[in-house]
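> Sequence first, then the predicted structure:
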Amino acid sequence: MSGVPSALHQAFAAVRMGGRVQLLGIPTAEVPIDFANEIIFKGLTLYGVMGRKDVAENLSTRCGATSATVCSIPGRSLPTWFSPGAY
């Protein structure tokens with residue numbers, strides 16, 4: 001979520017084939033991306049996120065969470081700003 005070029009490349013490398021990457025963060029300069037190998041051949045879907053509410057809504061849609069729960073990821077806890085009443 002930082003916009004740091006190395007973080008973007010790590011996200012593209014870590015996501016599974018046909019996966020999705022949510023982009024949040026503004027790079028300070030242009031970021032060279034190998035679209036063919038990092039995105040197209042992996043069949044990725046990219047989402048530009050405009051704020052933390054978008055992130056929470058995308059996570060809840062993806063995880064099928066109810067209004068009481070944003071998302072449950074086994075073995076990990078989400079930051080407190082993902083709480084449903086945080087925005």
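Sure, I can see it.
> ok, and what's touching stretch 28-38?
3, 5, 8, 9, 12, 13, 39, 44 (C-beta atoms under 8 Å, 6 or more residues apart in numbering). The C-beta positions use only the backbone N, C-alpha and C, and glycine is treated the same way.
> at 6 Å instead, please
5, 8, 12 (C-beta atoms under 6 Å, 6 or more residues apart in numbering).
> possible to save the residues you listed as CSV with pLDDT?
Formatted as CSV, these follow (pLDDT from 0 to 100):
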residue, pLDDT
5, 87
8, 88
12, 92
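> Name only those of these that count as buried.
Neighbour counting with 16 or more other C-beta atoms under 10 Å marks 8, 12 as buried within the contacts of stretch 28-38.
> Among the contacts of stretch 28-38, which lie within helices?
5, 8, 12 (DSSP state H).
> Could you report the distance from the first one to residue 30?
Separation of residue 5 from residue 30 (C-beta to C-beta, to the nearest Å): 9 Å.
> again, but for the second one
Distance check for residue 8 against residue 30: by C-beta to C-beta, it reads 12 Å.
> May I ask which helix or strand encompasses residue 22?
strand 20-23 (DSSP states H and E).
> Sheet partners, orientation included, of that strand?
Take DSSP bridges as the rule and strand 20-23 pairs in its sheet with strand 45-48 (parallel).
> neighbouring contacts of the strand it pairs with?
With contacts defined as C-beta under 6 Å, 6+ apart, strand 45-48 is touched by 20, 21, 22, 23.
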